[in-house]
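Trainee: sequence unknown, structure follows:
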C-alpha cells in the first residue's frame, strides 16, 4: 500500500486520536525499524526496538469491518514481530475504542497502565490511553 492509501484508510477509521497524514506514513515507512502488514482493506504498522515491538496503528476501512481482517492483521503483525526476534509487544489505545480493546484481549494482550486524559477529543473532551502488553 502507498502512503496515500494508508492515510485514506486511517482517515476513514479514526477521529480520535487524529488520523495520520501521508507525510507521517511516508516517514514511518522509510524507517528500517518499521514493519507494514496489509490486507485488502486494512493495514497495521509495528516498530521494532531491540527485543520489543510497538503496534503503532492498525486500521480496517469501516466498509470492511466484521470480515475477519482485523484478526488476520493481528496474526500477521504478531508473526512479523516474532520474525524480528521480539520478545514482547506493546500498544496504546484510546480507552473508548472498545472494539479494538476486545480485539487486543482476544489476542492475549493484557492491560498494563492508563495515561489519564491523554488524548484531546472534540470540543475539548479528554480520553485516556490504555497501555497494553503481550509477551511473544
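Mentor: Arrived safely, thanks for sending. Quick caveat, the model's predicted, so the values are computed rather than measured.
Trainee: which ones are touching residue 116?
Mentor: By C-beta atoms under 8 Å, 6 or more residues apart in numbering, residue 116 lies in contact with residue 128. Where you see a C-beta, it was placed from the backbone N, CA and C, and this is true even at glycine.
Trainee: wasn't it part of a strand?
Mentor: Yes - assessed by DSSP: H, G, I helix; E, B strand; the rest coil, residue 116 belongs to a strand.
Trainee: ok, it to residue 128 distance?
Mentor: 5 Å (C-beta to C-beta, to the nearest Å).
Trainee: residue 30 too?
Mentor: In terms of C-beta to C-beta, residue 30 sits 31 Å off from residue 128.
Trainee: between those two, who's got more neighbours?
Mentor: residue 128 (14 against 9; other C-beta atoms under 10 Å).
Trainee: how many residues are close by residue 44?
Mentor: 23.
Trainee: show me the strands in this protein, by range?
Mentor: 34-39, 42-49, 52-60, 88-94, 110-120, 126-135 (DSSP state E).
Trainee: in stretch 29-49, what counts as buried?
Mentor: Going by neighbour count (16 or more other C-beta atoms under 10 Å), the buried part of stretch 29-49 is 35-39, 41-46, 48.
Trainee: my bad, should have said stretch 101-116
Mentor: 101, 103-104, 107, 109.
Trainee: tell me the bridge partners for the closest residue to residue 56 other than its chain neighbours.
Mentor: Spatial nearest neighbour of residue 56, excluding adjacent residues (C-beta to C-beta, 6 or more residues apart in numbering): residue 45 at 4.4 Å. Counting by DSSP bridges, residue 45 forms beta bridges with residue 36, residue 57.
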